[in-house]
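Novice: Predicted model and sequence follow; I will ask about them next.
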Number of protein chains: 2
Amino acid sequence: MKNLAWINGEVCDLHEANVPVEDRGFLFGDGIYEVIKIYNGKPFYLEPHLKRLQRSASAINIEIPYSNEELNEHIAGLINQSECDHGYIYMQVTRGCAPRGHLFPGGIRPTVLIYVRAFESVPSRELTEPADCITLPDERWMNCYIKSVNLLPNVLAFQKAHEAGASEAILYRPDGTVTEGTRTNIFALIDGVVRTHPETRYILPGITRGIVLDILKQISVPVSEEAFKVSELQEASEVWTASTGLEIVPVKTIDGKPLKEISPGPVCKRLAGEFWQVVDAECYGGKQ
Amino acid sequence: MKNLAWINGEVCDLHEANVPVEDRGFLFGDGIYEVIKIYNGKPFYLEPHLKRLQRSASAINIEIPYSNEELNEHIAGLINQSECDHGYIYMQVTRGCAPRGHLFPGGIRPTVLIYVRAFESVPSRELTEPADCITLPDERWMNCYIKSVNLLPNVLAFQKAHEAGASEAILYRPDGTVTEGTRTNIFALIDGVVRTHPETRYILPGITRGIVLDILKQISVPVSEEAFKVSELQEASEVWTASTGLEIVPVKTIDGKPLKEISPGPVCKRLAGEFWQVVDAECYGGKQ
């Protein structure tokens, strides 16, 4: 297994991959990204990720100089060359390289980076130990639906959670409305209905969030894309996070206070089982 | 004249200066920066810029591995080597390079970049043609006092201004309070008092802003760090922007509506004259 990078058509070892300091990704965070999981040598839900990449790019007026078909091909080639069974693909597109200035420069070509990082072991399908979370004010900008690399607020909130002994920070707006985690979407079972923040400008429409919503509908669990407050979250009977990187993670305490029911609860457990069936269907030819 | 870059002690041509793609500046915008003007081969107000760089770094828990005395020396060396008379120094410090993860990585060294870009001609001391500005909602994060490279909201707002035929976007919070421009601080003469947003988390405390405040006090123009609304701005008799890059720029229209008085007004003109005396004192040995 080798961690390889592809930049605008050139392949090299990841640790030798560079960008010019005048790349606008470095100077302005003027770029967008995606992280795609690789299970069994196959990218999981690649098409929705590529669609979202195109949506993010178009929201900040970057025209990606490759079609999704071409990106698909380059990703498949890179996974193949890197001999990666389990790991992830990281993709970043920036506006390109030019002398520093806020204005979009004319006549430059976007920087397209794709790299593969392998995991050292096969990811476990067991639900992880239920997590401790803290809540923090959502201090991010107003357009979190764009998956941009302006991630400093996420980094700082995640670090704060870690230093408080928690594994995720759940963010809320000034009126107490929970938006999402620093790198996850948040689901809460409240009065028998699973709720999560609707797709507005204040959250990133997570790919795993979409899979969770689909599964819940299929297994006839009542679900509603209706936001909730921190106070409701603290009274929820089940809470979990959903993300590409960590799949489904049950939550057991919020701000040090245990949830009312033992975690993981029955809905979360069932959901996680169904989630891995989706992975099997896509990446293991239907069986595992 | 050569545009040179200095990265962690190594000097090279700016267009050959690279950073690894796993630098957190590129992946997360996890870094801070400064822009310092060079007049007559000398960096202007370098000390306040270096102090602010240290403040920004400390606000996001980056420890810059060089003292201000060392940075001073490297900057002087680079200006000297590049033979730059007029131009600017750009400095950026990121948390460093590590496999991608939100958590601060342990045991890595921050990336320190300094580069010099020369101007092709001596900057004019004449006040520029008064500018057209538009107003836009301030969609940035809540900690704009940190001079981070998470500049996508600034880039997008500046671009929007440009596409509307304006040269700056003046940003306002949901209650209509003007914070600052996308890359400038905003001053308005309202009922005989010069006003500008106070130093809170919502604005960057500009170095030129500080110089302007000092000058106004010295020449006994009434001045108050008291925020104002967009509606007050539109009724101001004088408005100007202040920034390292563009110094003092008078404003003549806001959202297409001319100010009540002809621009540049007497306060702005006097201020600009005094500003260049500060430059002379620091960079031309007192005379020009």
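Specialist: Yep, it's here. Numbers count the residues shown, from 1 in each chain, chains lettered A, B, ... in the order given.
Novice: partners of the closest residue to A:Asn8 other than its chain neighbours in the sheet?
Specialist: Spatial nearest neighbour of A:Asn8, chain neighbours left out: A:Val112 (5.6 Å); criterion: CB to CB, 6 or more residues apart in numbering or on different chains. The way it works is simple: take the backbone N, C-alpha and C, and place the C-beta from them, glycine included. With DSSP bridges as the criterion, A:Val112 is bridged to A:Val93.
Novice: how about low-confidence regions in chain A?
Specialist: Residues of chain A meeting the criterion pLDDT under 70: A:288.
Novice: Does stretch A:166-185 reach chain B?
Specialist: Yes. Stretch A:166-185 reaches chain B (CB under 8 Å from any CB of the partner chain) through A:Thr182, A:Arg183.
Novice: Pull out the buried residues from that stretch.
Specialist: Residues of stretch A:166-185 classed as buried: A:166-173, A:177-185 (neighbour count, 16 or more other CB atoms under 10 Å in any protein chain shown).
Novice: Let's see which of those end up in strands.
Specialist: Taking DSSP state E, the ones among these that sit in strands are A:Glu168, A:Ala169, A:Ile170, A:Leu171, A:Tyr172, A:Val178, A:Thr179, A:Glu180, A:Gly181, A:Asn185.
Novice: now, which of these sits nearest B:Ile134?
Specialist: Lowest distance from B:Ile134 to those (CB to CB) belongs to A:Thr179, with 28.7 Å.
Novice: Tell me how far A:Val112 lies from chain B.
Specialist: 11 Å (CB to the nearest CB, to the nearest Å).
Novice: could you list every residue that touches that residue?
Specialist: Residues near A:Val112 by CB atoms under 8 Å, 6 or more residues apart in numbering or on different chains: A:Ile7, A:Asn8, A:Ile64, A:Pro65, A:Tyr66, A:Met91, A:Gln92, A:Val93.
Novice: 7 Å instead?
Specialist: A:Asn8, A:Ile64, A:Pro65, A:Tyr66, A:Val93 (CB atoms under 7 Å, 6 or more residues apart in numbering or on different chains).
Novice: Of those, which pair is most distant in space?
Specialist: Of all pairs in these, the most separated under CB to CB is A:Asn8 and A:Ile64 at 11.3 Å.
Novice: Okay, and A:Leu71 sits in which element?
Specialist: helix A:68-82 (DSSP states H and E).
Novice: In that helix, which residues are buried?
Specialist: Those buried within helix A:68-82 under the rule 16+ other CB under 10 Å are A:Leu71, A:His74, A:Ile75, A:Leu78, A:Ile79, A:Ser82.
Novice: could these be laid out in TSV, adding distance to B:Ser231?
Specialist: Shown next, in TSV, are the buried residues of helix A:68-82 (distance: CB to CB, whole Å):
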residue	distance to B:Ser231
A:Leu71	48
A:His74	52
A:Ile75	52
A:Leu78	55
A:Ile79	57
A:Ser82	58
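Novice: Would you mind putting those residues into CSV with distance to chain B alongside?
Specialist: Formatted as CSV, the buried residues of helix A:68-82 follow (distance: CB to the nearest CB, whole Å):
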residue, distance to chain B
A:Leu71, 17
A:His74, 16
A:Ile75, 16
A:Leu78, 14
A:Ile79, 17
A:Ser82, 15
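Novice: What is the nearest of those to A:Pro266?
Specialist: Using CB to CB, A:Ile79 is the member of the buried residues of helix A:68-82 that sits closest to A:Pro266, with 36.2 Å.
Novice: ok, the closest one to A:Ser58 distance?
Specialist: Using CB to CB, to the nearest Å, A:Ile79 is found at 26 Å from A:Ser58.
Novice: cool, A:Ala169 as well?
Specialist: 29 Å.
Novice: same check, this time on A:Thr128
Specialist: Where A:Ser58 is concerned, A:Thr128 sits at a distance of 35 Å (CB to CB).
Novice: Which helix or strand contains A:Ile114?
Specialist: strand A:111-118.
Novice: and that strand, how far from the chain's centre?
Specialist: Distance of strand A:111-118 from its chain centroid, counting by CA atoms, centre = their mean, to the nearest Å, is 16 Å.
Novice: And the helices in chain A?
Specialist: Assigned by DSSP state H, the helices in chain A fall at A:24-28, A:46-59, A:68-82, A:152-163, A:207-218, A:230-234, A:266-283.
Novice: helices or strands up against the last one?
Specialist: With contacts taken as 3 or more CB pairs under 7 Å, 6 or more residues apart in numbering or on different chains; DSSP states H and E, helix A:266-283 sits against helix A:207-218, strand A:238-243, strand A:247-254.
Novice: try 10 Å
Specialist: strand A:31-39, strand A:42-43, strand A:185-190, strand A:193-195, helix A:207-218, strand A:238-243, strand A:247-254 (3 or more CB pairs under 10 Å, 6 or more residues apart in numbering or on different chains; DSSP states H and E).
Novice: Also compute the angle for that helix relative to helix A:207-218, please.
Specialist: Here the directions of helix A:266-283 and helix A:207-218 differ by 110 degrees (axes from the mean of the first three to the mean of the last three CA atoms, to 10 degrees).
Novice: Let me see the contact set for A:Asn40.
Specialist: A:Asp85, A:His86, A:Val122, A:Val279, A:Asp280, A:Glu282, A:Cys283, A:Tyr284, A:Gly285, A:Gln288 (CB atoms under 10 Å, 6 or more residues apart in numbering or on different chains).
Novice: repeat that with 6 Å
Specialist: Contacts for A:Asn40 (CB atoms under 6 Å, 6 or more residues apart in numbering or on different chains) come out as A:Cys283, A:Tyr284.
Novice: Please state the backbone phi and psi of it?
Specialist: Backbone geometry at A:Asn40, expressed as degrees, to the nearest 10, gives phi 50, psi 40.
Novice: Understood, closing this out.
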